[in-house]
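Participant: Build me a model from this:
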Amino acid sequence: MFVQTYPVEVTTDGSGDATVFSPELNGLLDRIQYVKDDFADGVDFTITLESTGETLWAENDVNAAAVRAPRQPVHSPAGAALLYADAGEPVSDLIAVNGRAKIVIANGGAAKSGTFRFVTV
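Facilitator: Numbers count the residues shown, from 1 in each chain. Next up, the predicted model:
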């Protein structure tokens, strides 16, 4: 298995907002790591795929470094959601990515920064 990490540093403007793009991601998204540098507590961020708008991570009021492993629900060839038999919970799988991720920051504090690391396998 080949693991690739794509770090993206983000610095906010004077209003505490920022929009940046990752480099081209290619593979299955295993996790996104948020490393808090000096973003204000309560920062909001939304990370989507540029080409499809698919949400990879959206969270408000983040105060500390965090790691998220986004997954997507899977379906049968007929389009029905696949469920685990015992609990009826959705089956999920890694998200295939091929292109840039768009990172939108709000309430990050003026001229503050943080880093996002996209890890693909």
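Participant: Ser92: neighbour count?
Facilitator: As a burial measure, Ser92 scores 13 neighbours (other CB atoms under 10 Å). For the C-beta atoms, the positions are set from N, CA and C on the backbone; glycine is no exception.
Participant: next one: Ile47
Facilitator: Neighbour count for Ile47, taken as other CB under 10 Å: 23.
Participant: Likewise for Leu25?
Facilitator: 21.
Participant: can I assume it is in contact with Ala101?
Facilitator: Yes: between Leu25 and Ala101 there is a contact at 6.1 Å, judged by CB atoms under 8 Å.
Participant: if I look at the two, which residues touch both of them?
Facilitator: Common neighbours of Leu25 and Ala101, using CB atoms under 8 Å, 6 or more residues apart in numbering, are Phe118.
Participant: From Lys36, how far out is Gly108?
Facilitator: Separation of Gly108 from Lys36 (CB to CB, to the nearest Å): 10 Å.
Participant: Neighbour count: these two, which is higher?
Facilitator: Neighbours per residue (other CB under 10 Å) separate Gly108 from Lys36, with Gly108 holding more: 26 against 17.
Participant: Confirm for me that that one is in contact with Phe39.
Facilitator: Yes: here Gly108 lies in contact with Phe39, judged by CB under 8 Å, at a distance of 4.5 Å.
Participant: list the residues that contact both of those two?
Facilitator: Common contact partners of Gly108 and Phe39 (CB under 8 Å, 6+ apart): Thr12, Gly114.
Participant: any idea how far Thr11 is from Leu29?
Facilitator: 24 Å.
Participant: name the helices or strands packed onto the strand ranked longest in the chain?
Facilitator: Longest strand in the chain by number of residues (criterion: DSSP state E): strand 25-36. In terms of contacts (3 or more CB pairs under 8 Å, 6 or more residues apart in numbering; DSSP states H and E), strand 25-36 is packed against strand 4-11, strand 55-62, strand 66-68, strand 95-99, strand 113-120.
Participant: same thing but at 7 Å, please
Facilitator: Applying 3 or more CB pairs under 7 Å, 6 or more residues apart in numbering; DSSP states H and E, we find strand 25-36 packed against strand 55-62, strand 66-68, strand 95-99, strand 113-120.
Participant: Count the residues that sit near Tyr6.
Facilitator: Tyr6, neighbours per other CB under 10 Å, totals 19.
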